[in-house]
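Engineer: Predicted model and sequence below, questions to follow.
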Amino acid sequence: MSEYILGIETSCDETAAAIVKDGTKIISNVVASQIESHRRFGGVVPEIASRHHVEQITMVLEETFQKAGLTAEDIDAIAVTEGPGLVGALLVGVNAAKGLAFAKQKPLVGVHHIAGHIYANRLEKEFAFPLLALVVSGGHTELIMMKKHGDFEIVGETRDDAAGEAYDKVARTLQLPYPGGPQIDKLAAEGRASIDFPRAWLEEGSLDFSFSGLKSAVINSLHNAKQKGETLAPEDVAASFQASVIDVLTAKTFQAAEKYQVKQVIVAGGVAANKGLRQVMTEKFQQVPTIDLMSPPLSLCTDNAAMIAAAGSVAFRQGHRADLDLNANPSLSLERYAGRSE
Ligand code: KG4
Ligand code: ZN
């Protein structure tokens with residue numbers, strides 16, 4: 001018999017709901033983005049995000065059921081992002097999920113947002129273990145090993161800024177609108193990587209990342225040029241910054257994939273939508289035909305609820321249930337979340 005999971009995601013600035021069948025097939029997927037409301041502030045304003053989620057969540061849920069041609073009675077379980085994210089934003093999704101679970105007497109499953117980003121890929125293709133995931137988003141830059149479903153081990157992570165955060169900050173310095181990642185991506189394609197920005201390789205063999213030095217180097221170069229009355233071509237700054245980020249992300253992912261002898265490499269999260277990153281990763285992994293490289297389609301790279309339903313399906317089948325006292329956890333650890341299965 002088919003299993004239908006309703007996913008709900010409100011951890012940042014997208015109010016999203018989706019219904020996924022058997023953990024792998026999208027039946028409906030609705031995302032209400034708030035980007036326009038946050039743009040004039042140059043970033044996400046938490047209070048505004050929470051208020052928008054409250055205004056949107058009921059409509060988004062109704063549309064999700066309507067598009068699927070299903071009702072809440074047809075759902076086997078409700079999966080919701082419990083963390084990490086903005087606490088006020090998470091609470092809206094968690095409370096909507098709890099309300100529906102209580103009213104319809106349906107099982108409730110808490111999902112870690114990063115598990116969701118990884119499971120976005122399972123909506124495209126089945127996983128092959130051992131698997132390595134590079135999760136690059138506005139809040140995360142992590143290399144994660146998975147030996148089986150629902151099992152996550154962080155083998156590398158950023159020591160300061162997330163990759164997406166560096167993109168957004170550099171974009172702001174270049175006076176590009178929020179979110180900066182797609183803007184820099186577009187601009188980079190028109191420029192030359194002619195400026196030699198630093199690459200933080202860290203200690204020999206380290207799979208960790210650091211982007212704050214790069215971000216400062218870009219900002220300093222722009223300021224120095226301005227003081228000298230010169231201007232750096234923004235497209236060259238974008239191309240050079242992007243080249244530095246991609247070099248490090250690709251090299252460390254490749255190093256980890258070889259070290260752990262993985263069968264599959266997944267690149268996920270908002271920054272996985274980056275055209276330059278996708279291209280360089282593809283070229284690099286062509287060297288090793290035994291490793292299957294994949295990324296979600298662009299629409300599933302950034303935040304959505306189909307990925308939460310997909311991850312929720314695995315947790316549900318593994319027997320995880322949340323009680324009605326489920327709370328938002330803004331700093332939920334991925335490994336502690338995974339440890340539930342022990
Ligand atoms: O996964 P996501 O929607 O939210 C978080 O969980 O953080 O990722 C959003 C981040 C933003 O920092 C945005 O600038 C970045 O992903 N992003 C990109 C691209 N599209 C989105 N960064 C680089 N290139 C892109 N094409
Ligand atoms: Zn995300």
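Structural biologist: Yes, it's here. Ligands and ions are numbered 1, 2, ... in the order given.
Engineer: In this protein, what residue spans correspond to strands?
Structural biologist: Here the chain has its strands, by DSSP state E, at 4-9, 14-21, 25-33, 77-83, 108-112, 131-136, 141-146, 153-157, 264-268, 292-294.
Engineer: Can you name every helix or strand that the third one contacts?
Structural biologist: The one in question is strand 25-33. strand 14-21, helix 46-68 (3 or more Cβ pairs under 8 Å, 6 or more residues apart in numbering; DSSP states H and E). Just so you know, the C-beta spots here come from the backbone N, C-alpha and C atoms, and that holds for glycine as well.
Engineer: Surely residue 83 touches residue 115?
Structural biologist: No: if you go by Cβ atoms under 8 Å, residue 83 and residue 115 don't touch, sitting 10.8 Å apart.
Engineer: higher neighbour count, those two?
Structural biologist: Per other Cβ atoms under 10 Å, whichever of residue 83 and residue 115 has more neighbours is residue 115, with 26 against 23.
Engineer: Name the nearest residue to the more buried one, sequence neighbours excluded.
Structural biologist: residue 311 (4.3 Å; Cβ to Cβ, 6 or more residues apart in numbering).
Engineer: go on, residue 253?
Structural biologist: Closest residue to residue 253 apart from its sequence neighbours, by Cβ to Cβ, 6+ apart: residue 134 at 4.7 Å.
Engineer: same deal with residue 58?
Structural biologist: Nearest-residue entry for residue 58: residue 96, 7.7 Å, with adjacent residues in sequence omitted and distances by Cβ to Cβ, 6+ apart.
Engineer: can you pull the contacts of the one you found?
Structural biologist: If you count contacts by Cβ atoms under 8 Å, 6 or more residues apart in numbering, residue 96 has them with 8, 10, 57, 58, 61, 80.
Engineer: now it: how far from residue 103?
Structural biologist: 11 Å (Cβ to Cβ, to the nearest Å).
Engineer: same check, this time on residue 131
Structural biologist: 37 Å.
Engineer: okay, these two: which has more neighbours?
Structural biologist: When residue 131 and residue 103 are compared on other Cβ under 10 Å, the one with more neighbours turns out to be residue 131, at 24 against 9.
Engineer: Touching, the more buried one and residue 264? I think so.
Structural biologist: Yes: the pair residue 131 / residue 264 is scored as a contact, 4.5 Å apart, by Cβ under 8 Å.
Engineer: What count of nearby residues applies to residue 58?
Structural biologist: 11.
Engineer: Local confidence estimate at it?
Structural biologist: With respect to pLDDT, residue 58 scores 98.
Engineer: try residue 147
Structural biologist: For residue 147, pLDDT reads 98.
Engineer: Contacts for stretch 316-331, please.
Structural biologist: The contact list for stretch 316-331, computed with Cβ under 8 Å, 6+ apart, reads 3, 5, 23, 76-77, 79-80, 82-87, 90-91, 93-94, 97-98, 101-102, 107-110, 149-150, 340-341.
Engineer: that older thread, tell me how far the residue nearest to residue 115 lies from ligand 1.
Structural biologist: 14 Å (Cβ to the nearest ligand atom, to the nearest Å).
Engineer: same check, this time on residue 130
Structural biologist: Following Cβ to the nearest ligand atom, the distance that separates residue 130 from ligand 1 is 24 Å.
Engineer: Show the contacting residues for that residue.
Structural biologist: Contacts of residue 130 (Cβ under 8 Å, 6+ apart): 145, 146, 147, 260, 261, 262, 263.
Engineer: show me the residues around the second one that make contact.
Structural biologist: With contacts defined as Cβ under 8 Å, 6+ apart, residue 146 is in contact with 118, 127, 129, 130, 131, 132, 133, 152, 153.
Engineer: what would the residues you listed look like in CSV with pLDDT and distance to residue 199?
Structural biologist: Shown next, in CSV, are the contacts of residue 146 (pLDDT from 0 to 100; distance: Cβ to Cβ, whole Å):
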residue, pLDDT, distance to residue 199
118, 98, 26
127, 98, 31
129, 98, 31
130, 98, 27
131, 98, 26
132, 98, 21
133, 98, 22
152, 97, 27
153, 97, 25
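Engineer: which pair in those residues spans the largest distance?
Structural biologist: Within those, two members stand farthest from each other by Cβ to Cβ: 127 and 153, at 15.0 Å.
Engineer: who's more crowded, these two?
Structural biologist: residue 127 (20 against 13).
Engineer: Show the contacting residues for that one.
Structural biologist: Listed by Cβ under 8 Å, 6+ apart, the contact set of residue 127 reads 121, 146, 149, 264.
Engineer: Of the residues you listed, which is the most crowded?
Structural biologist: residue 121 (24 neighbours).
Engineer: residues touching it, list them.
Structural biologist: 127, 266, 268, 294, 295, 296.
Engineer: Just give the closest residue to it, not the sequence neighbours.
Structural biologist: Closest residue to residue 121 apart from its sequence neighbours, by Cβ to Cβ, 6+ apart: residue 266 at 4.9 Å.
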